[in-house]
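# one predicted model, sequence on top.
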Amino acid sequence: MYTTELLSASTTPFSYFPIVLQLLAAIGFVGITMVATHFLGPKRKTEDKLINFESGIEQKGNARQPVAIKYFLTAILFVLFDVEVIFFYPYAVNFKELGWEGFMAVLMFVGFFLCGFIYIVKKGALKWED
């Protein structure tokens, strides 16, 4: 009974005041920044300022051309194998406590990903000559 009274007393509407205050401060900062950049920013819009600029290279053609699916596939594979490396961190931190059972689990994990990588290579997912 004491714990329910203590729990209900700690969830009063006033306990949300810091969250509301933080939200108002964030919205106020964004609003003030947007208004300030509108008034303090450059006013003269010339043709040179309105064209797209990418790394000092003049644009050629339409930017809406379709991109080869190989780029997306390579990006997805990179993320997949990058996540694999993230899962090694807990093992590296606790390898003494995990012992041989943990070592075998990591070997199985690497084996599964190695099988997936071999499958990807055999399917030709990383070939760019098409």
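Alright, I've got the coordinates. Numbering: from 1, shown residues only.
# longest helix of the chain?
Identified as the longest helix of the chain according to DSSP state H is helix 95-123.
# chain center to it: distance?
25 Å (C-alpha atoms, centre = their mean, to the nearest Å).
# buried ones in it?
106, 113, 117 (16 or more other C-beta atoms under 10 Å). To be clear about C-beta, it is placed using only N, CA and C from the backbone, and glycine gets the same treatment.
# for the first one, which non-adjacent residue is spatially closest?
With C-beta to C-beta, 6 or more residues apart in numbering as the criterion, residue 106 has its nearest non-adjacent residue at 5.1 Å, and that residue is residue 91.
# just give me the neighbour total for that neighbour.
14 (other C-beta atoms under 10 Å).
# what strand or helix carries it?
For residue 91, the enclosing helix or strand under DSSP states H and E is helix 88-93.
# can I get that helix as PDB, trimmed to CA atoms?
Only the C-alpha atoms of helix 88-93 are listed here, as PDB (Å, rounded to 0.1, in the frame of the first residue of the first chain):
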ATOM      1  CA  PHE A  88      31.800  -9.000 -31.700                       C
ATOM      2  CA  TYR A  89      32.100  -6.300 -29.000                       C
ATOM      3  CA  PRO A  90      30.200  -8.100 -26.200                       C
ATOM      4  CA  TYR A  91      32.200 -11.200 -26.900                       C
ATOM      5  CA  ALA A  92      35.500  -9.200 -26.800                       C
ATOM      6  CA  VAL A  93      34.500  -7.700 -23.400                       C
END
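# and the residue positioned nearest the centre of the chain, how far from residue 124?
Of all residues in the chain, the one closest to the mean position by C-alpha atoms, centre = their mean is residue 79, 10.2 Å from it. Separation of residue 79 from residue 124 (C-beta to C-beta, to the nearest Å) stands at 20 Å.
# what's the answer for residue 118, then?
Distance from residue 118 to residue 124, by C-beta to C-beta: 12 Å.
# need the contact partners of the helix holding residue 91.
With contacts defined as C-beta atoms under 8 Å, 6 or more residues apart in numbering, helix 88-93 is touched by 98, 102, 106.
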